[in-house]
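>>> Sequence below, structure please.
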Amino acid sequence: MTSDNKIFKDSYVVRRRGNYGWQKIIWFVAIIIFIYFGGQYFFNWLRPTAVTVARPVLQMETNTRNTADTWQGLFRSKLTLEMENDRLRTELNALKAQSLGYGILIDENIRLREILGRANNNSPPIIASLLAVPNDDFPFGLILLDVGRTNTTRELTVGDEVRVGNNVILARIVEVSDTYSKARLLSASGEATPVIIGADNLAAEAKGAGGGNFTVSLPRGVNVEPGDLIKLSSAGEELTLGVVAEVTGEPSDSFQTVLFKSPININEIRNVEIYAR
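Residues are numbered from 1 along each chain as shown. Next up, the predicted model:
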């Protein structure tokens, strides 16, 4: 009897352990099925609540970012305005200084004209139209103007200066007829003109090269750079003749060649001013 009870007990334990193992497997499978199929319903149910809670936080973040961007934009705008004001203030001061210098030059010009006996020569210029410019049909270096002895308010004379904008000189009158006159461009080939170069006022002689171009030969070492003005002194006035375009020459040469060009293209203008010399 004791032996049978032991056998029955052992058989029961084995069946119980076997059933317990299957129970764990069943529970594990059930949990997996719940997570896979039921989890999505659970999270779908939770999503509206999460969105409701998160929406104010997201809105606050957006508002904060927009506010920061607005302040940053205002700061940049203010900084830009301050820089622009500084730039304009600097330019205004420069213009004031330039205006003051211009007034000084006018006074100096008036005094020089008095010394040279030209103080009473305040007659306005004669406005003339160009009838012909240098081309294949007209002699090179000459321009034809529509004013002469009988159709002007004052007498034209050989040597009168032909200018544009009062201070840019182009040519000089070489012939006066009744109803027209001829002027020779200072840039005409072979024409020689005393000039003043750059801020150092270097005296030299410019030679016309045609087409509004000039050349000047200077000793090497003289400081001349592209953009320097070439001027012409006339009865106490400084007139602009051209602007330096290029400086050429070999290092071994004793001289350098300065190439400059008139700021006015004769083919692009219709009217000029004639000043008594």
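>>> contacts, neighbours, all on C-alpha from now
Fine.
>>> Residue ranges in the protein under the pLDDT threshold?
Counting by pLDDT under 70, the chain has low-confidence residues at 1-24, 27-66, 68-75, 93-123, 136-139.
>>> So in it, which strand runs the longest?
Longest among the strand segments of the chain by residue count, using DSSP state E, is strand 237-248.
>>> So for that strand, what gets flagged as buried?
For strand 237-248, the neighbour count (16 or more other CA atoms under 10 Å) marks 237-245, 247 as buried.
>>> So which elements touch it?
Here strand 237-248 touches strand 168-176, strand 229-234, strand 255-261, going by 3 or more CA pairs under 8 Å, 6 or more residues apart in numbering; DSSP states H and E.
>>> Now do it against strand 255-261, angle only.
120 degrees (axes from the mean of the first three to the mean of the last three CA atoms, to 10 degrees).
>>> Go ahead and name everything in contact with strand 237-248.
109, 167-170, 224-233, 256-263 (CA atoms under 8 Å, 6 or more residues apart in numbering).
>>> CA atoms of it as PDB?
What follows is strand 237-248, C-alpha atoms only, in PDB (Å, rounded to 0.1, in the frame of the first residue of the first chain):
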ATOM      1  CA  GLU A 237      41.200 126.800 -63.800                       C
ATOM      2  CA  GLU A 238      41.900 123.100 -63.600                       C
ATOM      3  CA  LEU A 239      40.000 121.200 -66.300                       C
ATOM      4  CA  THR A 240      39.700 117.500 -66.600                       C
ATOM      5  CA  LEU A 241      41.300 116.000 -69.700                       C
ATOM      6  CA  GLY A 242      41.200 112.300 -68.900                       C
ATOM      7  CA  VAL A 243      41.600 109.400 -66.500                       C
ATOM      8  CA  VAL A 244      44.600 107.000 -66.300                       C
ATOM      9  CA  ALA A 245      43.700 103.600 -67.600                       C
ATOM     10  CA  GLU A 246      47.000 101.800 -67.700                       C
ATOM     11  CA  VAL A 247      50.700 102.200 -66.900                       C
ATOM     12  CA  THR A 248      53.100 100.100 -69.000                       C
END
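>>> Show me where this structure has its strands.
Assigned by DSSP E, the chain shows strands spanning 126-132, 142-145, 161-164, 168-176, 181-185, 192-197, 202-210, 213-219, 229-234, 237-248, 255-261, 271-275.
>>> coming back round to it: okay, the buried residues of strand 237-248 in a markdown table with distance to residue 200 next?
Converted to a markdown table, the buried residues of strand 237-248 look like this (distance: CA to CA, whole Å):
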| residue | distance to residue 200 |
| --- | --- |
| 237 | 17 |
| 238 | 14 |
| 239 | 16 |
| 240 | 15 |
| 241 | 16 |
| 242 | 16 |
| 243 | 15 |
| 244 | 14 |
| 245 | 17 |
| 247 | 16 |
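>>> Give me the neighbour count for residue 270.
Residue 270 has 11 neighbouring residues, counting by other CA atoms under 10 Å.
>>> Contact partners for it?
Residue 270 neighbours (CA under 8 Å, 6+ apart): 129-130.
>>> if I look at it, how far off is residue 131?
Distance, residue 270 to residue 131, by CA to CA, to the nearest Å: 8 Å.
>>> go on, residue 156?
17 Å.
>>> These two - which one has more neighbours?
Each of residue 156 and residue 131 has its neighbours counted (other CA under 10 Å); residue 156 has more, 22 against 15.
>>> What backbone torsions are found at that one?
phi -90, psi 140 (degrees, to the nearest 10).
>>> and what of residue 236?
Residue 236 adopts backbone torsions of phi 90, psi -10, taken as degrees, to the nearest 10.
>>> Could you find which two of the buried residues of strand 237-248 are furthest from each other?
The span of the buried residues of strand 237-248, defined through CA to CA, is set by 237 and 247 at 26.6 Å.
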